[in-house]
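Engineer: mind folding the following:
(2 chains, ligands or ions: 1)
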Amino acid sequence: MKIRVYGILRQYIDNRESVERDISEPIKINELLRDVGVPEKYVFVVEKNGKAIPKDSLVGNEDEISLIPFISGG
Amino acid sequence: MKGVWNKVLKIDLSSKKAEIVPVNDDVYKKYNMGLGIATYFLYKETDGKIDPLGPDNVVVFSPGLFVGTGIPTGSKSAMTFKSPLTGGFGRAIVGAYLGVEMRKSGVDAIIIKGKSDNLVTLKIDNENVEFIDAEEYRGMDSVLTQEKLREKYGKAYRTCAIGRAGENLSKISGVDFEERQAARAGGGAVFGSKNLKAVIMKGDKKIEFSDEEKLKELNKKWVNIIKEHPATKADMDYGSGEFYDWMNRERGTFPSRNWQWGYFQSVYDNLKEGEKSHIDPYYWSPKYTVRHHPCPTCTKPCGRIIEVKEGKYAGTKVDGIEYEVLYSLGGVLEIDDVEAVAMMNEICDREGFDAISAGVTIAWAMEAYEKDLLDKDKMEGIELTFGNADAAIEVLKKMAKREGYIGELLADGTKAAAEKLGKNSDQFAINIKGLELPAYDVRGIKGMALALAVSVRGACHLTAGVYGIELGGSWWKYKGIDRLSSDWKGFEVKSAEDLATTYDIFGLCKFSRHMYFLEGIPELNNAITGGEMIDADVMTIGERVYNLQKMFNIREGIDRKYDTLPYRVTHNPIPKGVSKGAYVSEEELQHMLDEYYMARGWSKDSTPTGIKLASLDLLDVVDENLAAGI
Ligand code: SF4
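Structural biologist: Model (predicted):
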């Protein structure tokens, strides 16, 4: 599965734009976050295939996930 | 009450007299400091319908309660005045070192009225005021003026000054506080109209806090929370424009080419894999940053000094470039040259322009030029087409001097310019109540469209600051927000305004609102004042102050009719990109307004009801006859 990471959260994945994971069965978002190394408290929105989902949702290997921080803006 | 001086300093420039006025605890309990008492005193000290550029207008300056306490990002002071640009409530929030001096001076605010017969600098030592002739600084830029004043009177003074734009009464001019701007709504012109060039201040008293130990402990806690937050590193590395690329690619809501586009099309459509827009901070920040430039007690400085060392813009050195300026002097002018943007940014700061309004005004002129609506014979050979950075630079300089046809036409912003030019040019004048729009294409961010339409100071992104909630879809207690829907936006905007107002009362930077939220505020307040504030009180005080600002506008006759959106937002959908097709219809706007006034407890024409004002304990300040019935 592809996990796209935006903005200030990229510092947790060596400033890359996305990471890949192979999972054999669906897992909860918070577990996935732990595995990827992005602290849950800084993730304001998780999108699955472009739609926002709760952080305890299950996601599967074929999903594309986006992790979005709060936009403090300017 | 601890943590305040229970005194304000009133200065009359006409008679050149100053007096100390005592203020009782009740005022602080209701309004606290910063934007709270600055709103209270502005309302009290002015009558409706005064000339904003006349001697009866008043400027109030007050640091937030947290300023001078060491609380990280507790750095902001508030300046209020009647706006010459909107005719309504004028407000500018600024990370001013002068505010820190005021916290040590023995007064909680200064209130300036009248008009001096010569150009003056106010020199304030603790509570003592001197009126010093400033003729030698006439026409001098705002930054240099302050440097000269500190050279002459000593580095212990912290300062603010206006540039040429303010002296020439440009309605889009601001006041510079050591390269931090109280920019919006025309405060520079109010200074200029009073013949006030600069204020310098120093204080050497120690303000007493209720629980010094507790305050120290809390400061340490917040320094650590901020240090480990990922926004801190991002802000320090790239500044407030960190999310510029995301706004273009992922949301399509970075207005460009005078809002003809919802993202910077001519750049993004041509980028090759791995390339970056040249105004993207990820491109320029590592190359040009010389050092960080924090506001007072900020431990996560987004501010940076950048320097251009080579090429035709060599010698440019400026605090920037903020996200808003990437838009106003970049995207909206279709300029992707960071060095040119930096130079324009520096010109704006030194001449004393609000960089948002000045840039958006030039964008309007570029469109008018390309549509052949301007008198080209009077353009002195300037080809003011989109993307022409050198033409924009020349025009900016002329605006500061009100020089020639184009300088005079643009000096007061888009509303005045479109009125002068006519020819339906108001259809692409990007302002609300006269104030130019910030860097969010609200056609694709409908809650933000409402927030701009109803903001008491015109199109202001920070009055509610709901862009983060809308663009992300969730924040703090807000969940499931759909940026393209017009439902439930009234409730969202109302509560966000109340919260944002408290940040300006306490002087906390809004770039740390995802750290302190609401819950961090009461214990800090209590350690300083000895009060017993709880979370619920925070929103109430914000609501009280916001309603008083609204009553200021109602007193001026600014009601629902003025809560509008630019023609381009309601008639021209975003043409391309992620938000393609989005716009805010007139029906959607009216629906959102109805919901918002209901959430506020105001009448259909947007007037606060008597019962709302009574429940906020405002009827001792506000004339009850101005309130609406139910
Ligand atoms: S985050 Fe930026 S604007 Fe806010 S206090 Fe720090 S330097 Fe100032």
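
Engineer: tally of neighbours for whichever residue of chain A sits closest to the ligand?
Structural biologist: Ranked by C-beta to the nearest ligand atom, the top residue of chain A for proximity to the ligand is A:Ser72, at 8.3 Å. In short, each C-beta sits where N, CA and C put it, glycine included. Look at A:Ser72: counted by other C-beta atoms under 10 Å in any protein chain shown, it has 26 neighbours.

Engineer: now do the same contact list for it.
Structural biologist: B:Ala231, B:Asp235, B:Ser240, B:Gly468, B:Lys510, B:Phe511, B:Ser512, B:Arg513, B:His514 (C-beta atoms under 8 Å, 6 or more residues apart in numbering or on different chains).

Engineer: which of the residues you listed fall in strands?
Structural biologist: Among those, none falls in strands (DSSP state E).

Engineer: buried only: go through those for me.
Structural biologist: B:Ala231, B:Asp235, B:Ser240, B:Gly468, B:Lys510, B:Phe511, B:Ser512, B:Arg513, B:His514 (16 or more other C-beta atoms under 10 Å in any protein chain shown).

Engineer: tabulate these in CSV, adding columns for pLDDT and distance to B:Asp390.
Structural biologist: Formatted as CSV, the buried ones among the contacts of A:Ser72 follow (pLDDT from 0 to 100; distance: C-beta to C-beta, whole Å):
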residue, pLDDT, distance to B:Asp390
B:Ala231, 91, 36
B:Asp235, 90, 32
B:Ser240, 93, 27
B:Gly468, 92, 36
B:Lys510, 95, 35
B:Phe511, 93, 33
B:Ser512, 94, 38
B:Arg513, 92, 39
B:His514, 90, 40
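
Engineer: without its sequence neighbours, what residue ends up closest to B:His229?
Structural biologist: B:Met515 (5.8 Å; C-beta to C-beta, 6 or more residues apart in numbering or on different chains).

Engineer: so what's that neighbour up against?
Structural biologist: B:Trp222, B:Ile225, B:Ile226, B:His229, B:Ala231.

Engineer: generate a ChimeraX selection restricted to the buried entries among these.
Structural biologist: In ChimeraX, a selection of the buried entries from the contacts of B:Met515 looks like this (16+ other C-beta under 10 Å):
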select /B:222,226,229,231
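
Engineer: follow-up on the earlier one: which of the buried ones among the contacts of A:Ser72 lies closest to chain A?
Structural biologist: B:Ser240 (3.3 Å; C-beta to the nearest C-beta).

Engineer: hmm, that closest one is touching B:Val325, no?
Structural biologist: No - at 9.3 Å, B:Ser240 and B:Val325 do not qualify as touching, with contact defined as C-beta atoms under 8 Å.

Engineer: strand partners (parallel or antiparallel) of the lowest-mean-pLDDT helix or strand in chain A?
Structural biologist: Ranked by mean pLDDT, DSSP states H and E, the helix or strand of chain A with the weakest confidence is strand A:51-53, at a mean of 87. Sheet pairing of strand A:51-53 (DSSP bridges) gives strand A:45-48 (antiparallel).

Engineer: what does the strand it pairs with contact?
Structural biologist: With C-beta under 8 Å, 6+ apart, strand A:45-48 has contacts from A:29, A:52-55, A:57, A:59, A:63-68, B:472-474.

Engineer: recalculate using a threshold of 7 Å.
Structural biologist: A:29, A:52-53, A:55, A:57, A:59, A:63, A:65-68, B:472-474 (C-beta atoms under 7 Å, 6 or more residues apart in numbering or on different chains).

Engineer: so the residue nearest in space to the middle of chain A, which of the three states?
Structural biologist: Taking C-alpha atoms, centre = their mean, the centroid of chain A lies closest to A:Leu67, which sits 3.8 Å from it. For A:Leu67, the secondary structure call by DSSP: H, G, I helix; E, B strand; the rest coil comes out as strand.

Engineer: off-centre distance for the helix or strand containing B:Ala599?
Structural biologist: B:Ala599 is part of helix B:586-600 when elements are defined by DSSP states H and E. Its chain's C-alpha centre and that of helix B:586-600 lie 24 Å apart, by C-alpha atoms, centre = their mean, to the nearest Å.

Engineer: list the buried residues of it.
Structural biologist: B:Glu588, B:Leu589, B:His591, B:Met592, B:Leu593, B:Glu595, B:Tyr596, B:Tyr597, B:Ala599, B:Arg600.

Engineer: now for that helix, which elements pack on it?
Structural biologist: Applying 3 or more C-beta pairs under 7 Å, 6 or more residues apart in numbering or on different chains; DSSP states H and E, one finds that helix B:586-600 makes contact with helix B:446-454, helix B:489-506.

Engineer: the first one near chain A at all?
Structural biologist: No - under the criterion of C-beta under 7 Å from any C-beta of the partner chain, chain A is not reached by helix B:446-454; the shortest gap measures 10.3 Å.

Engineer: about what we covered before: the buried ones among the contacts of A:Ser72 also near chain A: which ones?
Structural biologist: B:Ala231, B:Ser240, B:Gly468, B:Phe511, B:His514.

Engineer: related to what we said a few turns ago, state whether the residue of chain A closest to the ligand is indeed within a helix.
Structural biologist: No - looking at A:Ser72 with three-state DSSP, it is coil, so not inside a helix.

Engineer: for B:Ile306, see how far away it is.
Structural biologist: 20 Å (C-beta to C-beta, to the nearest Å).

Engineer: now do the strands in the stretch 1-150 of chain B.
Structural biologist: Along the stretch 1-150 of chain B, counting by DSSP state E, counting those that start in this stretch, strands occupy B:7-12, B:17-22, B:59-63, B:77-82, B:89-94, B:110-113, B:120-125, B:128-133.

Engineer: can you tell me the residue of chain B closest to chain A?
Structural biologist: B:Tyr323 (2.7 Å).

Engineer: report pLDDT for that residue.
Structural biologist: Here, the pLDDT recorded for B:Tyr323 equals 97.

Engineer: how about the residues of chain A by the ligand?
Structural biologist: Within chain A, no position is adjacent to the ligand by C-beta under 6 Å from any ligand atom.

Engineer: in chain A, which spans are strands?
Structural biologist: Under DSSP E, chain A gives strands at A:2-5, A:18-20, A:27-28, A:45-48, A:51-53, A:58-59, A:64-68.

Engineer: now those in TSV, with distance to B:Ala439?
Structural biologist: Formatted as TSV, those follow (distance: least, C-beta to C-beta, whole Å):
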stretch	distance to B:Ala439
strand A:2-5	23
strand A:18-20	26
strand A:27-28	36
strand A:45-48	21
strand A:51-53	24
strand A:58-59	33
strand A:64-68	19
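
Engineer: rank those by mean pLDDT and give me the bottom one.
Structural biologist: strand A:51-53 (a mean of 87).

Engineer: and that one, how far out from the chain's middle?
Structural biologist: Relative to the chain's own centre, strand A:51-53 is displaced by 11 Å; criterion: C-alpha atoms, centre = their mean.

Engineer: which one of the helices and strands packed on helix B:586-600 is the most hemmed in?
Structural biologist: Stretch with highest mean neighbour count among these: helix B:446-454 (a mean of 29; mean count of other C-beta atoms under 10 Å in any protein chain shown).

Engineer: show me what that helix is packed up against.
Structural biologist: Using 3+ C-beta pairs under 7 Å, 6+ apart as the test, helix B:446-454 ends up in contact with helix B:467-472, helix B:489-506, helix B:586-600.

Engineer: B:Gly139: which of those is closest?
Structural biologist: Ranking the helices and strands packed on helix B:446-454 by proximity to B:Gly139 (C-beta to C-beta) places helix B:489-506 first, at 32.7 Å.
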